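Asks: Fold the following, please.
(2 chains)
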Amino acid sequence: MNTTLRSELYKMYRCPTLWVSIIVGCGISFITFYYAYAWKREFFNVAPYGTSYEGLSLVQYWIGGDNISMGNTIFYTVLPMLSTIPYCWSYWNERQSHYVNHLLIRIPKKVYLLTKFFVVFLSGAIAVLIPMFLNLIMTAWVMPSITPSVLLLSPPTDGEFLSRLFYKNTLFYIVFVFVVEFLWGGTLACVGLTASTFMHSALGAVLAPFIIFIGGSFIQISITSSVNSYSVEQLETNPLLLLQPWASACAPLWYVVIVIVSLFLLAYVFYLMWGNKDEML
Amino acid sequence: MKCFRHLHYDLRNGILRNSGLLSVPVIVVIICGSFRRQLLVAGLTGTWLEYLVYCFRGCKALTAMESGQAFLVPVIWLVLFALPLLLTLQYPFQDMKTIGQQLVLRSGNRVWWWLSKCLWNFFCTVSYFILMLVCITLYCLCQSVSISLEVSLESISLIFSEVLLVNGVDAISRNTLLSATILLPFLVMAGMDLLQMLLSLLTRPIYGFLMCITLLIASSCVTTPMFIGNYGMLMRMECFVHDGLSIQSGIVSCLVIMVLSILLGAVIFKKYDILPDYKEL
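Replies: Next up is the predicted model:
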């Protein structure tokens, strides 16, 4: 198990797609940082002399808290692709090139499948976390890490994702956002891996989570835009909005975690089921 | 002559056997159904052209949003523009990995192969667009909606409820309306598809798709002629809103992008390594 894991981790680390995905993510996170920097400059240009940082906080303007920048919108919309590009296609590729035959005469199939699942989860999570962490560091250069005031009348409002923690302990809020996005990145990569067990092309497997999320969002928007029964208490059902810490309806932590865990379990069960059925040799 | 023989082969394999086109009726019915319910709630019936206006309305730019308002990518618009990108993503490069190498060698000229793929790409967009118009027409016929090129102020106000309209509907000439609703979205789709093929040639298909999707999302965030996707959104056109973009500049931009993509692609393809690379995506 250890040798297989080491070998898979080595392959993942050596994979150019992982680095491309991280670089693209970092580029997008830089756009978010630029918005925060430009906003701060504009704020002090128009504010009278002696104005303090009231209203400007790291937790509001980093990629996990900002809902007004182009970078943030791009990052969370392409997040399903950023997490699948690094390594989820490797299972499909190893089957096509018959590399898997050499592995399966040395290790049990279950060990191979489980190790692949774990490493793919890790690759997706890393590809999401590194750009977010870079953005946090960059934004911390220009924004003070102060607790935002509830009087600002800005999101999140009560019932939204980690709304109570946001106004009480910014450090824990940031840690929780990292954990949730780590889980999202890994789970989406695993969904791509599951898709690769029955897809005819690696490209289809990589795009599967993106298509599922855009398709889900499309159906949700089409239904809700024609029904005028919007309620603030309603739980968020738009998959694209669930990916980001800001949602337009209620998305408490327990709800987001339940959605992620359900998706993860579905991906895990179907991956093992189809993977075990697959006659690789 | 050789180019036409290539094209005949591409049209048969890349369009007639493209099962992705079957998703167009489903998507159109969902969008039209959603709009019909909105019209019924408002006590309106709508016309064929109003259904088309609804499809390509887009959204208000992120920079024009009020403080604290959450921004969501216009998913309906994004799906309509992302689908042709998906339909034209894989075929040219899959063909190159299989029989394309033989065709390139036997035809004796690489440029013919590239030109036939560009023409195939254009015809694929034409088929997608025509199929979409046909589906909307059939939906209107089934629901007894008038097949006319008239638009009413009430329906337009409902569709563009997010923004302040610049003129009365009567002030917009029919030619302007048809150019903005039919010609420009089609040219944007064709331009984006050819650009994606060029970017895929320079990098890999998945990165070409990622870049084009990023461009579309960036277009939804900022109103600027730099992002071609803006011309595909009626909410950004000067005939509807203040500080909008002109139709003429949109047509010129799209044509320039199309011509540049074809020419640059032809130059690059002359020295392109056509041997397949199975190492990664």
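
Asks: Quick check: closest non-adjacent residue to residue A:62.
Replies: Spatial nearest neighbour of residue A:62, chain neighbours left out: residue A:139 (4.3 Å); criterion: Cβ to Cβ, 6 or more residues apart in numbering or on different chains. For the C-beta atoms, the positions are set from N, CA and C on the backbone; glycine is no exception.

Asks: residue contacts, the residue in the stretch 101-250 of chain B positioned nearest to chain A?
Replies: Proximity of the stretch 101-250 of chain B to chain A (Cβ to the nearest Cβ) peaks at residue B:221, 4.0 Å away. Residues in contact with residue B:221, defined by Cβ atoms under 8 Å, 6 or more residues apart in numbering or on different chains, are A:70, A:73-74, B:61-63, B:71.

Asks: same thing but 6 Å
Replies: By Cβ atoms under 6 Å, 6 or more residues apart in numbering or on different chains, the contact list for residue B:221 reads A:70, A:73, B:62.

Asks: Which of the residues you listed sits closest to residue A:265?
Replies: The closest of the contacts of residue B:221 to residue A:265 turns out to be residue A:73 (Cβ to Cβ; 29.4 Å).

Asks: Skip the chain neighbours and tell me the closest residue to the closest one.
Replies: Using Cβ to Cβ, 6+ apart and skipping the chain neighbours, the partner closest in space to residue A:73 is residue B:221 (5.6 Å).

Asks: How much space separates the one you found from residue A:60?
Replies: According to Cβ to Cβ, to the nearest Å, residue B:221 and residue A:60 sit 19 Å apart.

Asks: which residue packs closest to residue B:56, ignoring adjacent ones?
Replies: The shortest distance from residue B:56 to any non-neighbouring residue, by Cβ to Cβ, 6+ apart, is to residue B:185 (4.8 Å).

Asks: scratch that, residue A:235 is what I was asking about
Replies: Spatial nearest neighbour of residue A:235, chain neighbours left out: residue A:250 (5.3 Å); criterion: Cβ to Cβ, 6+ apart.

Asks: Relative to residue B:9, how far out is the one you found?
Replies: If you measure residue A:250 against residue B:9 using Cβ to Cβ, the figure is 54 Å.

Asks: same check, this time on residue A:87
Replies: Going from residue A:87 to residue B:9 by Cβ to Cβ gives 35 Å.

Asks: Would you mind telling me which of those two has the busier surroundings?
Replies: For residue A:87 and residue B:9, the more surrounded residue by other Cβ atoms under 10 Å in any protein chain shown is residue A:87, and the numbers stand at 30 against 16.

Asks: got a pLDDT number for the closest residue to chain B within the stretch 51-200 of chain A?
Replies: As assessed by Cβ to the nearest Cβ, chain B sits closest to residue A:70 within the stretch 51-200 of chain A, at 4.0 Å. In this model, residue A:70 is scored at 88, pLDDT.

Asks: any idea how far residue B:255 is from it?
Replies: Applying Cβ to Cβ, the value for residue A:70 to residue B:255 is 27 Å.

Asks: In terms of neighbours, single out the busier of those two.
Replies: Neighbour count, other Cβ under 10 Å: between residue A:70 and residue B:255, residue A:70 has more, with 23 against 13.

Asks: Distance of the residue lying closest to that one once chain neighbours are set aside relative to residue A:184?
Replies: Counting by Cβ to Cβ, 6+ apart, residue A:70 lies nearest to residue B:221, which is 4.0 Å off, once chain neighbours are set aside. Between residue B:221 and residue A:184 the computed distance is 22 Å (Cβ to Cβ).

Asks: now swap in residue A:64 and tell me
Replies: Distance from residue A:64 to residue A:184, by Cβ to Cβ: 12 Å.

Asks: cool, residue B:131 as well?
Replies: Separation of residue B:131 from residue A:184 (Cβ to Cβ): 35 Å.

Asks: who has more neighbours, the two?
Replies: Higher neighbour count among residue B:131 and residue A:184: residue A:184, with 25 against 15, using other Cβ under 10 Å.

Asks: Can you pull the poorly scored residue ranges out of the chain?
Replies: No chain specified, so I'll use chain A. Flagging of chain A using pLDDT under 70 yields the residue ranges A:1, A:48-55, A:150-155, A:157-160, A:226-233, A:247-249, A:280-281.

Asks: I was thinking of chain B, sorry if that wasn't clear
Replies: Using pLDDT under 70, the flagged stretches of chain B are B:1-2, B:64-70, B:167-170, B:277-280.

Asks: Helices of that one, start to end?
Replies: With DSSP state H as the criterion, chain B has helices at B:2-10, B:23-41, B:48-55, B:75-87, B:91-95, B:101-107, B:110-142, B:153-159, B:174-178, B:184-202, B:205-221, B:247-270.

Asks: out of the ones you listed, nearest to residue A:167?
Replies: Distance to residue A:167, taken as Cβ to Cβ, is lowest for helix B:205-221 among the helices of chain B, at 27.6 Å.

Asks: and residue B:114, how many neighbours?
Replies: By the measure other Cβ under 10 Å, the count of residues near residue B:114 is 24.

Asks: Contact partners for it?
Replies: Residue B:114 is in contact with B:265-266, B:269, counting by Cβ under 6 Å, 6+ apart.

Asks: among those, who's most crowded?
Replies: Within these, most neighbours by other Cβ under 10 Å means residue B:265, with 24 neighbours.

Asks: Now that one: closest residue in space that isn't a chain neighbour?
Replies: residue B:198 (4.8 Å).

Asks: Likewise for residue B:76?
Replies: Spatial nearest neighbour of residue B:76, excluding adjacent residues (Cβ to Cβ, 6+ apart): residue B:31 at 5.8 Å.

Asks: What of residue B:25?
Replies: Distance criterion Cβ to Cβ, 6+ apart; nearest residue to residue B:25, sequence neighbours excluded, is residue B:135 at 4.9 Å.

Asks: quick one on the thing from earlier: can you list the contacts of residue B:221 in a markdown table and add distance to residue B:251?
Replies: Output for the contacts of residue B:221, formatted as a markdown table (distance: Cβ to Cβ, whole Å):
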| residue | distance to residue B:251 |
| --- | --- |
| A:70 | 26 |
| A:73 | 27 |
| B:62 | 25 |
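
Asks: Just the closest of the residues you listed to residue A:165, please.
Replies: After measuring these against residue A:165 - Cβ to Cβ - the closest member comes out as residue A:73, at 23.5 Å.

Asks: what helix or strand is that closest one on?
Replies: Element membership for residue A:73 (DSSP states H and E) is helix A:70-84.

Asks: So what touches that helix?
Replies: By Cβ under 6 Å, 6+ apart, helix A:70-84 touches A:21, A:25, A:28, A:31-32, A:63, A:66, A:124, A:127-128, A:185, A:188-189, A:192, A:206, A:209-210, A:213, A:243-244, B:73, B:210, B:214, B:217-218, B:221.

Asks: and residue 10, what is it in contact with?
Replies: No chain specified, so I'll use chain A. Applying Cβ under 6 Å, 6+ apart, no residues contact residue A:10.

Asks: wrong chain, I was asking about chain B
Replies: B:116, B:120.

Asks: measure it to residue B:126 for me?
Replies: Counting by Cβ to Cβ, the gap from residue B:10 to residue B:126 is 13 Å.

Asks: How about the backbone phi and psi for residue B:204?
Replies: Backbone torsions of residue B:204, given as degrees, to the nearest 10, read phi -150, psi 160.

Asks: related to what we said a few turns ago, tell me the one of the contacts of residue B:114 nearest residue B:107?
Replies: Closest approach to residue B:107 among the contacts of residue B:114 (Cβ to Cβ): residue B:269, at 12.7 Å.

Asks: which residue packs closest to the closest one, ignoring adjacent ones?
Replies: The shortest distance from residue B:269 to any non-neighbouring residue, by Cβ to Cβ, 6+ apart, is to residue B:114 (4.5 Å).
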